[in-house]
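Chemist: coords please:
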Amino acid sequence: MSDLEISIQDEVNAIKMNRPHVVILGAGASRAAFPKGDINGRKLPLMNDFVSVLELTELLKGWGIDPRNNFEEIFSHLCDKKETEKIDQLTTIIEHYFKDLTICDEPTIYDHLILSLRKQDIIATFNWDPLLLQAYIRNSKAGLTLPHLFYLHGNIAVGYCTTDKITGIRGNKCTKCRKLFTSTPLLYPITKKDYATDPFIANEWKGLKWGLKNAFMITVFGYSAPKTDQEARKAMKEAWGNVDDRNMEQTAFISIQSEDEISENWDEFIHTHHFEVDADFYDSWIATHPRRTGEAYINQYIEAQFIDKNPIPKELPLPKLWEWFRQFKPAEEKDNYHL
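Modeler: Here you go, the predicted model:
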């Protein structure tokens, strides 16, 4: 092998990147991770089919609302009119639906995603469903460091201690004061969202902003950054900074949108040609260079070397999957890198 080639083993053995890889998840990520629904076949909704998936059609018709409208428009309209009783009824239905979602027994994209990132990395999700957290909990048994999770719109399974400012699993107790974690607020789909008032939400955005400022790569998975969500776009843009100053960073997208659509929608985050689009998670940098996206990035883009892919064996059951991922552990423990 020449000096211009990096083998899979070379990539596994060498820790070169201590900056975070930030992954931002939207509803499309949960749909991709659970294309057949959760373990009971309950579908993961997108905003454009939210009404039908949660079976809200007849309820909305009874209120004189066209159920064919986008759910964000419907909910925003109710908020503008201060229809408190209707908002409370919708909120209860939504929370019950998401609370009951349960991860499948076999490994999912979320399991593979979590295992493929390291402790300096970040997954920030806009999703309410508990499936990412459920994947995180069961993969904590793998004996590997795992990424930080941030819940940008709250989460049905996440709790918070306002006294000690600690995040935990809803229903568990704070490790300091031993009081039960209180439920976190869910930010509902209105055009003007408040990311600053609630201490939990503010802290989650603080984590994402730190990650964006320091990231070597951003991967956006199943999130279209809708123009209506101006507060989210503004917050992320402020953290990412001037795109002309990010000429060495890479932006990746896992999306069924075209490159032209993505380029137009995310132009404030992309430096010239420094972006790529994959329709399938398993074609992404994360899945083809698990736990070594930073090292692969340095080898290919900085040191101009040829690299081999080391794809996740996606058919393996969890115990065998953990065994495969443990090939990365010796180098990570030896390096003893810190945030």
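Chemist: can you list the weak-confidence ranges in this protein?
Modeler: 1-3, 190-191, 226-228, 271-274, 336-339 (pLDDT under 70).
Chemist: which residues in it form strands?
Modeler: 5-6, 21-25, 122-125, 148-151, 158-161, 166-169, 182-183, 217-221, 250-254, 275-278, 306-307 (DSSP state E).
Chemist: CA-only coordinates of stretch 135-146 in PDB, if you can.
Modeler: Provided in PDB are the C-alpha atoms of stretch 135-146 (Å, rounded to 0.1, in the frame of the first residue of the first chain):
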ATOM      1  CA  ALA A 135     -32.000   3.500  21.100                       C
ATOM      2  CA  TYR A 136     -29.400   5.400  23.200                       C
ATOM      3  CA  ILE A 137     -30.400   3.600  26.400                       C
ATOM      4  CA  ARG A 138     -30.100   0.100  25.000                       C
ATOM      5  CA  ASN A 139     -26.800   0.900  23.200                       C
ATOM      6  CA  SER A 140     -25.300   2.300  26.500                       C
ATOM      7  CA  LYS A 141     -24.600  -1.400  27.200                       C
ATOM      8  CA  ALA A 142     -22.200  -1.600  24.200                       C
ATOM      9  CA  GLY A 143     -19.200  -0.400  26.300                       C
ATOM     10  CA  LEU A 144     -18.500   2.600  24.000                       C
ATOM     11  CA  THR A 145     -18.600   6.300  24.500                       C
ATOM     12  CA  LEU A 146     -21.800   7.800  22.900                       C
END
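Chemist: As a markdown table, the strands of the chain with distance to Ile39 and mean neighbour count would be great.
Modeler: To be clear about C-beta, it is placed using only N, CA and C from the backbone, and glycine gets the same treatment. Below are the strands of the chain laid out as a markdown table (distance: least, Cβ to Cβ, whole Å; neighbours: other Cβ atoms under 10 Å):
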| stretch | distance to Ile39 | mean neighbour count |
| --- | --- | --- |
| strand 5-6 | 40 | 16 |
| strand 21-25 | 20 | 27 |
| strand 122-125 | 20 | 25 |
| strand 148-151 | 21 | 22 |
| strand 158-161 | 20 | 22 |
| strand 166-169 | 19 | 16 |
| strand 182-183 | 23 | 15 |
| strand 217-221 | 22 | 25 |
| strand 250-254 | 23 | 24 |
| strand 275-278 | 27 | 18 |
| strand 306-307 | 37 | 16 |
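Chemist: Which one of the ones you listed lies nearest to Glu95?
Modeler: Each of the strands of the chain was scored for nearness to Glu95 using Cβ to Cβ, and the closest is strand 182-183 (8.9 Å).
Chemist: what's that closest one packed up against?
Modeler: Judged by 3 or more Cβ pairs under 8 Å, 6 or more residues apart in numbering; DSSP states H and E, strand 182-183 is in contact with strand 158-161.
Chemist: so how far is the strand it packs on off the chain centroid?
Modeler: What separates the centre of strand 158-161 from the centre of its chain is 18 Å, taken as Cα atoms, centre = their mean, to the nearest Å.
Chemist: Given that strand, what are its sheet partners and their directions?
Modeler: Sheet pairing here is set by DSSP bridges, and for strand 158-161 it gives strand 166-169 (antiparallel), strand 182-183 (antiparallel).
Chemist: Kindly reformat those as JSON lines containing distance to Ile137.
Modeler: As requested, the strands paired with strand 158-161 are exported to JSON lines (distance: least, Cβ to Cβ, whole Å):
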{"stretch": "strand 166-169", "distance to Ile137": "8"}
{"stretch": "strand 182-183", "distance to Ile137": "18"}
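Chemist: out of these, which comes closest to Asn40?
Modeler: Ranking these by distance to Asn40, with Cβ to Cβ as the measure, places strand 166-169 first at 20.8 Å.
Chemist: Make TSV from the strands of the chain and add distance to Asp66 to it.
Modeler: Below are these laid out as TSV (distance: least, Cβ to Cβ, whole Å):
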stretch	distance to Asp66
strand 5-6	56
strand 21-25	30
strand 122-125	30
strand 148-151	31
strand 158-161	33
strand 166-169	38
strand 182-183	32
strand 217-221	31
strand 250-254	32
strand 275-278	34
strand 306-307	52
